[in-house]
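A.B. asks: Turn this into a structure:
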Amino acid sequence: MTRETVFTNTRVVLGDETVLGSVLVRDGVIADITSGPAATVGEDLDGDHLMPGVVELHTDHLEYHFSPRPGVSWDPLPAVLAHDAQLSAAGATTVFDAVRIGSEPDGRDGAAAAAHRLAEAVESAMDAGLLRAEHAIHLRCEVSSADCLDAFHEFDDDQYVRLASLMDHTPGQRQYADIEDFKRYYLAKRRVSEADFEQYVRLLHEQSALHAGRNRRAIAGLAAERGITLAAHDDATPEHVAESVSLGVHISEFPTTVVAAQAAVDQGLQVVMGAPNIVRGGSQSGNVAAAELLDLELLDVLSSDYVPSSPLHAVFQLVADGVLTMAQGARLISTNPARAVGLDDRGEIAVGKRADLVRVATHGLPADERRPNGRSMPVVRGVYRTGERVS
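C.D. replies: Okay, here's the model as predicted:
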């Protein structure tokens, strides 16, 4: 039996413009888009925006649900369900769950084991039809860790792994070029004490020297063999970018400088930055601001990183600030991320594409010093995956 839904009286966010009109969905696929009054009766969206569902490439938030407090582990399946509900309520219809492989030098955090438990929970929930969004696995590979490559091999037969990123958080370079930033973060997270900090940094440097280069090359080779999209994390220099390109990287996640972002764009990489960087007005680590890269046309994708609601929040505020149009914003959080990982069937409202859609109302807030045009808060009022309402 054919399933049809018509969304009427809605601001439809298309690839290059927003039109007041209607969208016909048939059997989970967008069948028609019309401007002006609808010819048939449908679901009246009362002038709200209808946008393509958010395609989320990098969210660390699943790990927060799994470990809500230091030393506390939650059951992975309810953690996945809560995470999925939160991402879906924020407009995400496709989610790449970032799980870290590569343990602390003494193995005390058990990252590899935790990653396996979380991935298995995501996959079993997907197979059972329990999740609102469609999920895949993003392996965040801490290449400086001794067990990173072994942990990657544990996912050798896992078809849910669609994205892998090469990371090295060794202090003194990349994200933590300023060791004081690293110190503040790790002391706040209680991963190391003040008295042990210098010894801990020396150990991290030793581990990186031993393992980072070897693991980086090996994982890049395995990703190429399996058709996994490869990303580089926190490239800071043109030399970092050149190395990434030589390894087959297609995505540059969170470059820390303008020169690295420019080199990435020049090499044809998709540049991803965190939407919280836009919302907060800068990087928590003191690196380049996402808004600066956007202004320089060096930004392709916004991800939620550690705040699920931030992609839509960033887009609506940028539109209110007059920085971009709603269509351009949709490309940052839907179209471009979908294309970056080869998902050409979604990410935009166009005939023949999957009907992954989000209905969003706008709630205005008073202007402040940072937002002289006023603040714009998106309110998600409905989320649809292949035409079926999921949130």
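A.B. asks: Let me know the secondary structure of the residue nearest the centre of the chain.
C.D. replies: With distances taken as C-alpha atoms, centre = their mean, H58 lies nearest the centre of the chain, 2.8 Å away. Per DSSP: H, G, I helix; E, B strand; the rest coil, the local secondary structure of H58 is strand.
A.B. asks: So it sits against V272, correct?
C.D. replies: Yes: if you go by C-beta atoms under 8 Å, H58 and V272 touch, sitting 6.5 Å apart. In short, each C-beta sits where N, CA and C put it, glycine included.
A.B. asks: Can you pull the residues that touch both of the two?
C.D. replies: E253, S303 (C-beta atoms under 8 Å, 6 or more residues apart in numbering).
A.B. asks: before we move on, the earlier item: show me the contacts for the residue nearest to the centre of the chain.
C.D. replies: Here H58 is in contact with F96, A98, H138, S165, E253, V272, G274, S303, S304, D305 (C-beta under 8 Å, 6+ apart).
A.B. asks: Those: which two are farthest apart?
C.D. replies: Between any two of the contacts of H58, the greatest separation by C-beta to C-beta is 15.0 Å, found for S165 and S304.
A.B. asks: Give me the spatial nearest neighbour of S165, chain neighbours excluded.
C.D. replies: A231 (4.0 Å; C-beta to C-beta, 6 or more residues apart in numbering).
A.B. asks: so how far is the one helix or strand the one you found maps to from its chain's centroid?
C.D. replies: A231 is part of strand 229-233, with elements assigned from DSSP states H and E. Remark: strand 229-233 is offset 12 Å from the chain centroid, using C-alpha atoms, centre = their mean, to the nearest Å.
A.B. asks: for stretch 44-51, same thing?
C.D. replies: The offset between the C-alpha centroid of stretch 44-51 and the centroid of the whole chain comes to 25 Å, using C-alpha atoms, centre = their mean.
A.B. asks: residue boundaries of the strands in the stretch 51-200 of the chain?
C.D. replies: For the stretch 51-200 of the chain, applying DSSP state E, counting those that start in this stretch gives strands covering 54-59, 92-101, 134-142, 161-167.
A.B. asks: Also compute the angle for the shortest one relative to strand 161-167, please.
C.D. replies: In terms of direction (axes from the mean of the first three to the mean of the last three C-alpha atoms, to 10 degrees), strand 54-59 departs from strand 161-167 by 50 degrees.
A.B. asks: which stretches of the stretch 201-350 of the chain have low pLDDT?
C.D. replies: Applying pLDDT under 70 to the stretch 201-350 of the chain picks out residues 284-285.
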